[in-house]
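1. Below is the structure, and that's it, no one-letter string:
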């Protein structure tokens, strides 16, 4: 074939390094792989793994709801909220007080073991959630009423003050909030009994949270892409000009801020039932506010899907670092041989998959027969370690599925940007995995510990890279082409 | 429109200045830089609060009203320095200026979805018509930030027209617009005037002021210096001294 020969087949997508897809795939891949591996080598059952991953997903959903609320306020309307944690706290405590059963003080002798908390109204979950939204939305409106009339900075100061004050109040108003101990035994949506309780609870929370998140994304998308949402974006761009176009900008700012606050309250309510207990110390610290900022900035502000992607990625990194520290490191030390075999098998298998696609896929013209052949080759490769007794049969099957998927992606690599990004991400994860295994062998636990402690630096470095190369976030705000 | 008079604090940007703009006229406002012309416009449009005096528009006292209410009464202003909404498209910018678009109320979105859709469709058609008039229709779906300086001026005018105003305050509408387009823009403005709209414009392009305006008001140091038909004003010695030059 000469260089001038015209290309056949569908148009090739533009080249260049698929940065976005690469970042997203590597992080998601990392979360799933480490989640599974760390749980598996720590000897967990499939149910244990799912429970663990389920917990990650349900907390990530909570952060997504927070990020969606902040995105409505800041991404769409340009209102900077520095007290996200405060509205989150209001939602969590209001919901918890509404739905728990009475909790009187516990006194042993003269010592107050537990101060009790307000309420114990035993209301249904839905009522508790609605109350939480109303309370947090109302609080947002009350803070915003005076502050929105002033310059933008005052809103940030007022909300920050609210958040800090609320945290101190919840710690000290013992009769209402249970003080530093907090509110224990918030009932889960469905009470499960027996050994599977935590698994079933995690699944329920993912189900409920997933439904809420999906509904929110649909509704918010509808609202923010409507004429109403257009006015919000206009306020963000230039409030004075929007006023001169005949819009009561104050009213729009108030609506956006209160609705955003209500979403944060909803997130708080979800948090209360997901964890089952509340305490004012870490869950509602200013760090929560900062995390949500990062999520919206990384995901791409002014874009609902961006808020959601940012929340899953940033919380994913946080969760990963904890997993690595608590489970993967010790598990790895104990299963060094197994992991090495697995990684060698993965590497050789991947090479085999590439070769199979190159030679079988290109030579055998009948697609179905070609894929059957590739499956046979990879299946034989996957079965070998099991026959030799080097890997358990379940692992071998997983290995086969992974390799077959990889072959499929390799086959699409020429045409699809995403497939290329997937290969790069897989290669990166593989390299990181090896580095981790080897380092762990050289300096047990040091790696895991330092990873845990330098995670904020890693997030910071990523943020700097992102701001240099892609200031608008992973998913940029789309141009609205009107017909 | 009735007597307009106001004082403005600190530096007396607008100093007890009274003037009338006759309905269905094109009235020019000229004066040296810093004479208080743009400030006066901002006060009339409700963006600045006057320190004193009264402003009447069609029998309604409008001083102290918020800008959006003033727009609601049919008085719109454009900006000297374009205030385009940068990350919205040109078409979005213009559609936003429509008055009474039902979809801009949150509750209507959920309870009257059909009316919202209908409304939005009509306003988009109207916006497209206006963009044809101002020759921006081929840029309708570009971000407003990508427009050139002159095009941004046209966008200002398009938005003003979209609100279906009785009185339009135009702050240097043709500064930075090319001569051919300036001509057709002023033709457009004259046509709209014949349809019953009033234009009050600040302009330094004497060609436009002298040939297109019915009356000219000259401001100097926050006060009205002279007023009358263009020909009279042109020969007024005080105006020549302070503004037109020998």
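-> Here it is on my side, so go on. From a predicted model like this one, the values you see are computed outputs, not experimental measurements.

2. Would you check how far apart the residue positioned nearest the centre of chain A and residue A:464 are?
-> Chain A has residue A:312 as the residue nearest its centroid, 1.7 Å off, counting by CA atoms, centre = their mean. Residue A:312 is 21 Å from residue A:464, where distance means CB to CB, to the nearest Å. For every residue, glycine as well, the C-beta is placed using N, CA and C.

3. Over to residue A:163?
-> 26 Å.

4. Between those two, which has more neighbouring residues?
-> The neighbour comparison of residue A:163 against residue A:464 (other CB atoms under 10 Å in any protein chain shown) goes to residue A:163, with 25 against 10.

5. Against chain B, how distant is the more buried one?
-> 26 Å (CB to the nearest CB, to the nearest Å).

6. got it, and residue A:250?
-> From residue A:250 to chain B the distance is 8 Å (CB to the nearest CB).

7. And the chain, what are its domain boundaries?
-> All of this refers to chain A. A:46-319, A:335-442 (automatic domain parsing).

8. right idea, wrong chain: chain B
-> Using automatic domain parsing, chain B is parsed into the domains B:1-84+B:163-246, B:85-146.

9. Whatever helix or strand residue A:291 lives in: what's the following helix or strand?
-> Element membership of residue A:291, judged by DSSP states H and E, is helix A:286-299. Counting by DSSP H and E, the next helix or strand C-terminal to helix A:286-299 is helix A:304-323.

10. hang on, the earlier thing: please name the nearest non-neighbouring residue to the residue nearest to the centre of chain A.
-> Leaving aside its chain neighbours, residue A:312 sits nearest to residue A:60 (4.8 Å; criterion: CB to CB, 6 or more residues apart in numbering or on different chains).

11. Just say helix, strand or coil for the one you found.
-> Three-state call for residue A:60 (DSSP: H, G, I helix; E, B strand; the rest coil): helix.

12. Burial check on it, number of neighbours?
-> 24.

13. Hmm, it is touching residue A:315, no?
-> Yes: Residue A:60 lies in contact with residue A:315 (CB atoms under 8 Å); the separation is 4.6 Å.

14. for the residue of the stretch 301-450 of chain A found nearest chain B, what are its contacts?
-> Going by CB to the nearest CB, chain B is nearest to residue A:302 of the stretch 301-450 of chain A, at 8.0 Å. Residue A:302 sits next to A:71, A:75-76, A:233, A:236, A:477, B:87 when contact means CB atoms under 8 Å, 6 or more residues apart in numbering or on different chains.

15. How about residue A:212?
-> A:61, A:65, A:266, A:270.

16. pretty sure the last one is touching residue A:62, no?
-> Yes: taking contacts as CB under 8 Å, residue A:270 lies within contact range of residue A:62: 5.0 Å.

17. who touches both of the two?
-> In contact with both residue A:270 and residue A:62: residue A:209, using CB under 8 Å, 6+ apart.

18. Next, the distance between the ends of stretch A:463-479.
-> This stretch, stretch A:463-479, spans 24 Å end to end (CA to CA, to the nearest Å).

19. Off-centre distance for it?
-> Offset of stretch A:463-479 from its chain centre (CA atoms, centre = their mean, to the nearest Å): 18 Å.

20. now the helices: where do they sit in the stretch 51-200 of chain A?
-> A:84-99, A:125-147, A:152-172, A:174-177, A:197-224 (DSSP state H, counting those that start in this stretch).

21. between those, which gets nearest to residue B:176?
-> helix A:152-172 (30.3 Å; CB to CB).

22. which other residues reach stretch A:266-277?
-> Contacts for stretch A:266-277 (CB under 8 Å, 6+ apart): A:58-59, A:61-63, A:65-66, A:69, A:87-96, A:99, A:125, A:128-129, A:132-133, A:136, A:182-189, A:205, A:208-209, A:212, A:278, A:283.

23. The same query, at a cut-off of 6 Å, please.
-> A:58, A:62, A:65-66, A:88, A:91-92, A:95-96, A:129, A:132-133, A:184, A:186, A:205, A:209, A:278 (CB atoms under 6 Å, 6 or more residues apart in numbering or on different chains).

24. Which among these count as buried?
-> A:58, A:62, A:65-66, A:88, A:91-92, A:95-96, A:129, A:132-133, A:186, A:205, A:209, A:278 (16 or more other CB atoms under 10 Å in any protein chain shown).

25. nearest to chain B, of those?
-> Among those, and counting by CB to the nearest CB, the member closest to chain B is residue A:133, at 15.4 Å.
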